[in-house]
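Colleague: predicted model and sequence below, questions to follow.
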Amino acid sequence: MKKEILESSEFKKLLKSKNSVSLILTLLELILYFGFVLLIAYNKEFLSQKFYGPITVGIPIGIGVIILSWVLTGIYILWSNKIYDERVSKIKEKLGGE
Amino acid sequence: MKETVLGEPTLTGIIFFLLFVSATLYITYWAAKRTRTTAEFYAAGRSITGLQNGLALAGDYMSAASFLGIAGLVSLKGYDGLIYAVGWLVGWPIVTFLIAEPLRNLGKYTFADVVAYRLKQRPIRTAAATGALITVLFYLIAQMVGAGSLIKLMFGLPYELAIIIVGCLMIAYVLFGGMLATTWVQIIKACLLLGGATILVFLTLYKFGFNYVALFSEVTTKYGDKIVQPGGLIKNPIDAISLGIALMFGTAGLPHILMRFYTVPDAKEARKSVFYATGFIGYFYILTFTIGFGAAALVGHDIISKIDKGGNMAAPLLAEALGGEIFLGFLAAVAFATILAVVAGLTLAGASAVSHDMYVGVIKRGKADEKQEVKAAKISTLCLGILAIILGIIFKGQNVAFMVGLAFAVAASANFPALFMSIFWKKFTTQGAIWSIYTGLLLSVILIILSPTVWVDILKNAQPIFPLKNPGIVSFFGSFIVGIIVSLATKEKEAEVKFETEKIRSYLGIGAE
């Protein structure tokens, strides 16, 4: 029975979608954070510009990295709760029926 | 008039502190009656909900050092403090995307369960438990020394007495109440800390008519535009990336964080709990940023750095300026609670590496009954707690700030690569895992000793032998490369076959404990 699940196209599709979602989101997070670090290292002038009154461009960007990181985890949770869990329960249902 | 009552035991501080201690001891008493089996001792009977675990995770992560330290850094250095705070958050998405669910599905109580799942139990558990224990010990020393100094600064208690009080309370929570008591201490502390910081920000913004522009104007008028611009924190990009790697992947390799995912019933709750935790921690760092600027505007650099050179007392001083002695007392008690909760979580994680992985997994070859294992876990807790007190006293007055960086470097280089490759890479072998763990461990420890942080700042040599302040970039990739090469050289047929069947448990949760 285990072999049947492992070789079923649904299971293979599930793995593929799950791994690509995880990978893409991880890459986005890496780009977001290390992009921020490199921006500070190479372009302090850009971040030091005035944005609104005394507030510099760097402040919304820094806060933005924190908020976007959270939003990315939110996207992952939404995808998992809506799509992944449903696919898992379908595979499990099929398994129960056999 | 005196500038502050900080450093003296105030009545309100003592009352809030006693309230917290009696409430948490009552919870420990309640939890003790529900803590008999191993699943109850290590994992709170898997009865914690996603939201509760989210708060507990945030509680484990938001230490007094990060609260007082980051607020202080922002108050004195401005924007650089924000750069630093961002680095502490970005590991959480990585935990969500890559680790939380497979960890919950494949393991039982420790992350070594997952690494050892399809490999040879005893050598893997020895290596993984060593990595876990070293991470916990460095983190614990830094927390204990920080605790002693902070409590001395805030309440005027002698350093040694403060360490002994913290040590005894944390032993009591873990020894009698196990994970259930530790989790609830963590949840209460997280609520107090988030609540206290929110009130502090509210009072600060109230002073400025809820207008951030007015707050920043005040600060820039006082200290110039430099305070809202990136300063000297990131000079060398490679140094910054190295620290970033250690913080990001270290978060995903901290034993006391990973252990929390076993306290929830299933992978879905585990995943939800990281989402909550990321939100709470991000919110907290944004608050801390505002608190730092508030302190710079309303207390001023002179007083902040006069009380403590590193600025650690910025937040308590701001609390006193805005809410008087009562709010200061409250915040000081919250900081104390924070310290207690973090060291309790660390002690439990360290004890489980000793009892579950070393004693039961290695010495008893997995053959121990519930009673024996709980007993071993309790003895480990007691020993580790006493060791923490002794180390805290030995390291008095030493500069231990680098130890947190080192704990993260070890977690990122010894724990994370082995965990990651065991979950995702079919050809990963026992030898590969062992080599990867020990390479990461040795590289991080040796390189940090040779780095400017220890070799120059502490050992007072003129030139560092290793140029980077944090070894993350070398030890992290070194551990991966060695793990990959050794795995490719030592084929393990059995592990490859198990990898396929493991997928059913890892992705579908079938057979998860």
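Modeller: Received it, and whenever you're ready, just let me know what you need.

Colleague: low-confidence regions, chain A specifically.
Modeller: Chain A contains residues with pLDDT under 70 at A:1, A:97-98.

Colleague: nearest to the spatial middle of it, which residue is it?
Modeller: A:Leu25 (2.8 Å; Cα atoms, centre = their mean).

Colleague: find the nearest non-adjacent residue to it, please.
Modeller: B:Phe97 (4.9 Å; Cβ to Cβ, 6 or more residues apart in numbering or on different chains). For glycine as for every other residue, the C-beta is placed from the backbone atoms N, C-alpha and C.

Colleague: would you map the strands across chain A?
Modeller: A:50-52, A:55-56 (DSSP state E).

Colleague: would you map the helices across chain A?
Modeller: A:2-7, A:9-42, A:44-48, A:58-79, A:85-97 (DSSP state H).

Colleague: deepest of those, which one?
Modeller: Mean neighbours per residue, mean count of other Cβ atoms under 10 Å in any protein chain shown, is largest over these for helix A:58-79, with a mean of 19.

Colleague: between it and helix A:9-42, how many degrees?
Modeller: Here helix A:58-79 runs at an angle of 170 degrees relative to helix A:9-42 (axes from the mean of the first three to the mean of the last three Cα atoms, to 10 degrees).

Colleague: so what touches helix A:58-79?
Modeller: A:21-22, A:25, A:28-29, A:32-33, A:36, A:39-40, A:47-48, A:51, B:79, B:82-83, B:85-86, B:89-90, B:92-93, B:96-97, B:216, B:228-230, B:271-272, B:274-275, B:278-279, B:282, B:285-286, B:289 (Cβ atoms under 8 Å, 6 or more residues apart in numbering or on different chains).

Colleague: make it 6 Å
Modeller: For helix A:58-79, the surrounding residues in contact (Cβ atoms under 6 Å, 6 or more residues apart in numbering or on different chains) are A:21, A:25, A:29, A:32, A:36, A:47, B:79, B:82, B:86, B:89-90, B:93, B:96-97, B:230, B:275, B:278-279, B:282.

Colleague: which residues does the residue nearest the centre of chain B contact?
Modeller: Chain B has B:Tyr61 as the residue nearest its centroid, 4.3 Å off, counting by Cα atoms, centre = their mean. Listed by Cβ under 6 Å, 6+ apart, the contact partners of B:Tyr61 are B:Ile281.

Colleague: and it, how far from B:Leu247?
Modeller: Note on B:Tyr61: its distance to B:Leu247, by Cβ to Cβ, to the nearest Å, is 11 Å.

Colleague: kindly report the same for B:Gly392.
Modeller: 24 Å.

Colleague: and the stretch 251-400 of chain B, which of its residues are near chain A?
Modeller: Neighbours of chain A within the stretch 251-400 of chain B, by Cβ under 6 Å from any Cβ of the partner chain: B:271, B:275, B:278-279, B:282.

Colleague: try it again at 8 Å.
Modeller: B:268, B:271-272, B:274-275, B:278-279, B:282, B:285-286, B:289 (Cβ under 8 Å from any Cβ of the partner chain).

Colleague: how much space between B:Gly294 and chain A?
Modeller: Look at B:Gly294 and chain A: by Cβ to the nearest Cβ, to the nearest Å, they are 15 Å apart.

Colleague: element containing that residue, please.
Modeller: helix B:267-298 (DSSP states H and E).

Colleague: can you state the direction angle for that helix and helix A:58-79?
Modeller: Using the same axes, to 10 degrees: helix B:267-298 against helix A:58-79 is 170 degrees.

Colleague: B:Lys427: how many residues sit nearby?
Modeller: 15 (other Cβ atoms under 10 Å in any protein chain shown).

Colleague: once you drop chain neighbours, what's closest to it?
Modeller: Closest to B:Lys427 by Cβ to Cβ, 6+ apart is B:Ser487, at 5.6 Å.

Colleague: how far away is that neighbour from B:Thr4?
Modeller: The value you get for B:Ser487 to B:Thr4, if Cβ to Cβ is used, is 58 Å.

Colleague: who has more neighbours out of these two?
Modeller: Neighbours per residue, other Cβ under 10 Å: of B:Ser487 and B:Thr4, the larger number sits with B:Ser487, 23 against 17.

Colleague: before we move on, the earlier item: can you tell me which of the strands of chain A is most buried?
Modeller: Of these, strand A:55-56 is the most buried (mean count of other Cβ under 10 Å), at a mean of 21.
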